[in-house]
Structures are given as structure tokens and as C-alpha cells.
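**Q** My questions are about this predicted structure, shown below with the sequence.
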Amino acid sequence: MKRLPILIAPVLILVAVLIWWGTGSDSDTGPGPGAGQGAVAVSVDTVTRADLTDRAFFTGSLVAAHRVEVATRVAGRLKRLHVDIGDQVEPGHLLAELDDDEFQQDLEQARAELAVSNANLIEAQAALTSAQRALDRTRDLREQRVASQSELESAETDVEARQAGVTLARSQIAQRQAALRNAQIRLDFTRIQAELDNGEGQWLVADRMVDQGSILQANTPILALVNLQPLRARVFVTERDYARLAPGQSAQLSTVAHPGETFEGEVIRVAPEFREASRQARVEIQVPNLDQRLRPGMFVEARISTRTVEDVTVVPIDAVLERDGQRGVFQVEEADNGPIARFVAVSTGIEEAGKVQITEPEISGRVVTLGQHLLSDGVRLRIADEGEARAEDER
């Protein structure tokens with residue numbers, strides 16, 4: 001009997017603890033939706049309306065819009081290179097010279113042959129004049145019946161032959177003149193000049209393929225010239241993105257050579273076919289380069305603006321989550337005992353700069369942006385700052 005009071009004391013303590021636990025756990029709840037769960041700390045943001053632009057992302061390389069490979073037109077030894085890599089070149093600038101001794105000799109020979117042909121013409125014309133005089137005398141003698149008919153015919157035949165000789169001499173002169181012009185052209189080809197159009201930017205020597213003193217064949221490339229204004233970004237797109245692109249669309253480009261900067265461009269060409277090997281189509285973007293900070297061959301990332309929607313419903317992209325296979329947001333609904341969460345299934349559209357378009361349904365008010373993973377429909381909310389909500393979400 002003495003042990004009974006000893007047993008009663010622990011039992012009473014246990015009952016008191018259970019009563020305290022049961023009443024204390026409901027201290028933060030009240031009647032209405034979510035009354036069985038405490039308020040969850042969340043961050044919220046307001047549903048707004050804004051303009052959004054859909055952009056497609058691609059990678060590619062810059063190329064020069066104007067690139068010229070300078071090649072020899074005649075064979076010979078490269079006597080002198082007047083420019084080198086990085087040099088600025090103007091239209092008509094002398095770039096290189098070939099050894100011209102042989103071509104000078106050919107030109108002198110053509111001139112001599114033309115002089116011979118001119119002398120032959122003079123001789124043929126003199127012979128024709130003499131034959132014409134002989135024919136005139138023979139005709140006079142024939143009228144006097146001193147010369148025979150056969151002598152007259154012989155004189156006439158001689159005149160015709162001399163006229164043919166004059167015609168032949170003139171043809172030879174034309175032939176020698178053509179040979180002289182050809183020799184002059186071939187000599188001029190030993191002086192290789194920059195045959196360029198006057199563009200917006202500067203022409204620069206991009207590459208040197210040969211060295212001074214090399215023996216070159218005709219049509220051997222020796223230099224590459226580029227104009228850096230404008231440049232073109234060349235990207236390749238798949239079938240999925242092809243239908244979204246068209247000439248005239250704006251583009252923004254970035255490169256690792258200039259981190260944090262963007263360069264404006266415009267789509268100017270979309271290839272009408274896909275390459276069989278890669279199943280991709282070529283797209284060209286024209287990029288102004290007045291300050292010449294961009295260079296051909298640079299790797300670029302291109303963002304092409306494909307379409308823009310105006311005055312649409314947008315929410316922060318952090319507000320959208322997957323719940324039971326559906327995309328949706330938790331809207332903040334005001335109740336008698338404070339704000340509660342309501343899950344709304346939504347359809348989304350364009351995403352840009354941390355915002356996403358809500359196409360259906362039409363929503364307004366506020367949405368939960370942080371802490372929504374702890375929520376269910378009807379749970380009471382406690383609007384907290386971002387730091388507090390993030391701490392509770394991570395917990």
C-alpha cells in the first residue's frame with residue numbers, strides 16, 4: 001500500500017504533459033480552411049501585365065561579309081611582297097610583284113613583229129601602186145592595138161594579187177597588234193594590285209599563303225583580304241526552330257572576347273534547304289562592326305527575337321511549379337483568418353528575364369514565389385521576407 005502514492009505521481013505528470021501537447025499544437029490554428037496546419041512562411045509577388053519577347057538561342061561563328069583571295073594570273077617567281085598580315089589595303093594598292101624579265105622580252109618581241117608587219121604593208125602597198133600603173137599602161141597600149149589581150153589580162157591579175165597582198169599585210173598587222181596587247185596584259189599581271197570595291201570599312205590583309213621568292217603557278221592564292229564592316233554571324237538551326245525564323249528579325253550577339261556586352265544584328269538570309277549530313281539549315285545574321293571590335297572566326301552566341309506579345313499576364317517564373325502532373329501557381333486568397341494558398345493550374349507561354357506569360361486562365365492578385373513546395377490547397381500563409389521564407393523552405 002505504501003507503493004501506491006509512488007506510482008500515482010508519474011502517471012499524473014504524464015497526463016499533464018499529454019494535455020499540454022494537445023492544446024499547444026493548435027495554438028496557431030483557427031476555424032476555416034487549413035485549420036489543422038500552422039501558417040507557412042512564404043514570399044509572394046504581384047501578378048502584372050507586360051510585353052514579352054520570345055527568343056531563340058543559337059551558337060555559331062563570325063565571318064567577313066566581304067573576303068577576297070588574291071591569286072596570280074601568270075606563272076613566275078614572287079619578286080616582292082608589299083603587304084603582310086594586318087596591313088591596311090586601299091583599292092588599287094600594289095600588293096606584290098613577279099619577276100617580269102621574260103614578260104618584258106615577250107613585249108619587245110611583239111613590238112618588233114608589229115614593226116615588221118607595218119613594213120610589209122608599206123611594201124605591199126608600193127607593189128600594188130606599181131601594178132596599177134602597169135595595168136593603166138597596158139590598157140592604153142591595148143586601145144592602140146599594141147598590147148595583146150593576154151598581156152592586159154596578165155596585168156589585171158597582177159593588180160588583184162597585189163591587192164590581196166595589201167589585205168594580208170593589214171591582217172598581219174591586226175594580229176601583231178593583238179599579240180602586243182596580250183604581251184602588255186601579261187606584263188601588267190606581274191604587278192598584282194588590290195582590285196576591290198570601296199566599302200564602308202577598311203580592307204585588311206587577313207592571311208599570307210606564300211613567301212617572297214617562291215616559284216608560283218598561275219592561279220596560286222598569295223593573300224586573303226577581308227573587310228570588317230559589316231560582319232556576318234553564321235549559325236545552323238534544326239527543324240524545330242526553322243519555322244520561327246525569317247529575314248528581318250533582330251538578334252543580339254555575345255562573345256567571350258567581350259564578356260558582359262551584346263552586339264546588335266539582323267537576320268538577312270535563311271537557307272531554303274537543310275543539309276543532309278547534319279539536318280540543319282544555315283542562317284546568316286548581319287552584324288555592324290563600325291568600331292571593328294569583332295573579328296572573323298570569333299565564336300558567338302546569338303539570341304534571335306522571333307515574336308513579341310504585348311500587354312499579357314505575367315508572373316515570376318519562380319512562382320510556377322509542377323503538382324500532380326500539372327503546371328500551376330499558388331495564388332494568395334484572402335480569408336477571414338488570414339491569407340491562404342489556392343493552387344491554380346495554368347498554361348504558360350513566353351519566358352523572358354525571369355518572367356513567364358500566363359495564357360490561361362486569367363489571374364490577378366498575388367502568387368507565391370518562395371515556399372510553395374511546402375504548400376497544399378487551403379494552407380494558411382504567413383507573408384515573410386525572402387530570407388525567412390527561404391530558410392523555412394530549406395528546412
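**A** Sure thing, it's come through.
**Q** tell me the domain ranges of the protein?
**A** Following automatic domain parsing, one finds the domains of the chain at 34-51+311-394, 57-66+228-308, 100-188.
**Q** Quick one: low-confidence residue ranges for the chain.
**A** By pLDDT under 70, the weakly predicted segments of the chain are 1-37, 199, 385-395.
**Q** now the helices for it?
**A** Counting by DSSP state H, one finds helices in the chain at the ranges 4-24, 101-143, 149-188, 239-242, 386-394.
**Q** How many residues are close by residue 232?
**A** 20 (other Cβ atoms under 10 Å). The way it works is simple: take the backbone N, C-alpha and C, and place the C-beta from them, glycine included.
**Q** Of all the domains of the chain, which one is nearest residue 84?
**A** Nearest of these to residue 84, taken as Cβ to Cβ: domain 57-66+228-308 at 17.3 Å.
**Q** before we move on, the earlier item: want to try TSV for the domains of the chain, with distance to residue 209 as columns?
**A** Below are these laid out as TSV (distance: least, Cβ to Cβ, whole Å):
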stretch	distance to residue 209
domain 34-51+311-394	47
domain 57-66+228-308	17
domain 100-188	21
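**Q** Which one, of the helices of the chain, ends up nearest to residue 354?
**A** helix 386-394 (14.0 Å).
**Q** Could you count how many residues lie near residue 134?
**A** For residue 134, the neighbour count with other Cβ under 10 Å is 17.
**Q** what does residue 40 give?
**A** Neighbourhood size, residue 40 [other Cβ under 10 Å]: 22.
**Q** now do the one 10 residues further on
**A** As a burial measure, residue 50 scores 14 neighbours (other Cβ under 10 Å).
**Q** what sits against the residue nearest to the spatial centre of the chain?
**A** What sits nearest the mean C-alpha location of the chain, by Cα atoms, centre = their mean, is residue 233, with 1.9 Å. Neighbouring residues of residue 233 by Cβ atoms under 8 Å, 6 or more residues apart in numbering: 60-63, 251, 253, 265, 284-285, 287, 300, 302.
**Q** Buried ones only from these, please, as a PyMOL command.
**A** Selecting only the buried entries of the contacts of residue 233 in PyMOL, with 16 or more other Cβ atoms under 10 Å as the criterion:
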select buried, resi 60+62+251+253+265+284+285+287+300+302
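**Q** Where strands are concerned, which of the contacts of residue 233 count?
**A** Among the contacts of residue 233, the ones falling in strands (DSSP state E) are 60-63, 251, 253, 265, 284-285, 287, 300, 302.
**Q** got the residues you listed as a markdown table, with distance to residue 368 columns?
**A** Below are the ones in strands among the contacts of residue 233 laid out as a markdown table (distance: Cβ to Cβ, whole Å):
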| residue | distance to residue 368 |
| --- | --- |
| 60 | 40 |
| 61 | 44 |
| 62 | 44 |
| 63 | 48 |
| 251 | 36 |
| 253 | 37 |
| 265 | 39 |
| 284 | 45 |
| 285 | 40 |
| 287 | 42 |
| 300 | 39 |
| 302 | 35 |
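**Q** The helices of the chain into a markdown table, with extra columns for distance to residue 341?
**A** Putting these into a markdown table (distance: least, Cβ to Cβ, whole Å) gives the following:
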| stretch | distance to residue 341 |
| --- | --- |
| helix 4-24 | 24 |
| helix 101-143 | 90 |
| helix 149-188 | 85 |
| helix 239-242 | 36 |
| helix 386-394 | 13 |
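**Q** Tell me how far the residue nearest to the centre of the chain lies from residue 179.
**A** Look at residue 233 and residue 179: by Cβ to Cβ, to the nearest Å, they are 51 Å apart.
**Q** My guess is residue 381 contacts residue 367. True?
**A** No. Using Cβ atoms under 8 Å, residue 381 is not in contact with residue 367; the gap is 11.3 Å.
**Q** Can you check which residues contact both of these two?
**A** Counting by Cβ under 8 Å, 6+ apart, the residues touching both residue 381 and residue 367 are 44, 332.
**Q** These two - which one has more neighbours?
**A** Remark: of residue 381 and residue 367, residue 367 carries more neighbours, 27 against 24, as counted by other Cβ under 10 Å.
**Q** my read: the more buried one touches residue 329, true?
**A** Yes. In terms of Cβ under 8 Å, residue 367 counts as a neighbour of residue 329; the distance is 4.7 Å.
**Q** if I look at the two, which residues touch both of them?
**A** Jointly contacting residue 367 and residue 329 under the rule Cβ under 8 Å, 6+ apart are 315, 319.
**Q** ok, now which ones touch the nearest residue to residue 113 once chain neighbours are set aside?
**A** Nearest residue to residue 113, sequence neighbours excluded (Cβ to Cβ, 6 or more residues apart in numbering): residue 176, at 4.9 Å. Going by Cβ under 8 Å, 6+ apart, residue 176 touches 110, 113-114, 116-117.
**Q** Distance check, residue 176 against residue 111.
**A** 9 Å.
**Q** got it, and residue 289?
**A** On the measure of Cβ to Cβ, residue 289 and residue 111 end up 50 Å apart.
**Q** who's more crowded, those two?
**A** residue 289 (23 against 14).
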